[in-house]
Each structure stands twice: as C-alpha cells, then as structure tokens.
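In: turn this into a structure:
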Amino acid sequence: MTENEISKIAVDLCYKIHVKLGPGLLESVYESVLYYELNGKGLKVERQKPLPVVWDDLKMDVGFRTDLIIENKVILELKSVETIAPVHPKQLLTYLRLTDLKLGLLINFNEPLIKNGITRIVNNL
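Out: Prediction:
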C-alpha cells in the first residue's frame, strides 16, 4: 500500500470521526478513535511511538512522540487547537526526517470543516 493510499484511508476516517463527534474534543479522544478505526481496517498502527534523536553515535530519548504511524509509512500528527501554529508543520517535517518517512498529515480536529484542518507535509516524496 502506498503513502497516498494510506493517507486517503486516514483522511476518510478523520472525516467520519469529525462528522460524528464534531470539533473541540481533546486530541487524545480523536487519537483513540482514529487508532481504533485504522486497526479495524487491518492497518498496522503505532500509537505514541517514542522518537529518539541520534547525534553522531549518541541515541537520545528526549521525549518526542509521534501520535500515530500507519504501516511504517505515514505519520499523523493530531491537534485540536484554535489555530495551527507555525511550529506544528515544522515539527511534523522534523519527525518525517528523523524517521526517514516521506508523508505526514497534520490534522486539526478543531475546525468547523475537517478538510480545512488537514495539511499534507512531505519529506522528499
């Protein structure tokens, strides 16, 4: 399954969840439901996976965690905030670089229309 096929499934599920639950809940609620739904589709999903930083030969576990990684190909960074800050896309791009993955979706569930809350971030895709 390609990154684009995975992202289509994720976006469709985000839409379904947003329609049913609406905006404004905690990120952890959306993350839990999305994790459940993605697993229900038979996808391998890692939740709150620690992301170490490697400097030379030193591996540092400094507290970075990805929200969801699907099929070891696509990172989902979930938010439920009034406005996406400039640091949020940069954060996801850094996660993509550290994991050497190519595609990430920054998803803000606190939007009246979920399509306005989804940003695609690519790393050499």
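In: where are the low-confidence patches of this structure?
Out: Applying pLDDT under 70 to the chain flags the ranges 63.
In: tell me which helix or strand the residue most central in space within it sits in.
Out: Centrality entry for the chain: nearest residue to the mean C-alpha point is residue 76, 1.0 Å, by CA atoms, centre = their mean. Assigned by DSSP states H and E, residue 76 belongs to strand 74-79.
In: which residue packs closest to residue 108, ignoring adjacent ones?
Out: Nearest residue to residue 108 in three dimensions, chain neighbours excluded: residue 117, at 3.7 Å (CB to CB, 6 or more residues apart in numbering). To be clear about C-beta, it is placed using only N, CA and C from the backbone, and glycine gets the same treatment.
In: what's the distance between the residue nearest to the centre of the chain and residue 56?
Out: To residue 56, residue 76 is 30 Å away according to CB to CB, to the nearest Å.
In: with residue 102 instead?
Out: For residue 102 relative to residue 56 (CB to CB), the value is 25 Å.
In: which of the two has more residues huddled nearby?
Out: Shown here are residue 102 and residue 56; by other CB atoms under 10 Å, residue 102 has more neighbours (16 against 5).
In: for the residue nearest to the more buried one when sequence neighbours are not counted, give me its contacts.
Out: Leaving aside its sequence neighbours, residue 102 sits nearest to residue 125 (CB to CB, 6+ apart; 4.3 Å). Shown in contact with residue 125 (CB atoms under 8 Å, 6 or more residues apart in numbering): 3, 102, 103.
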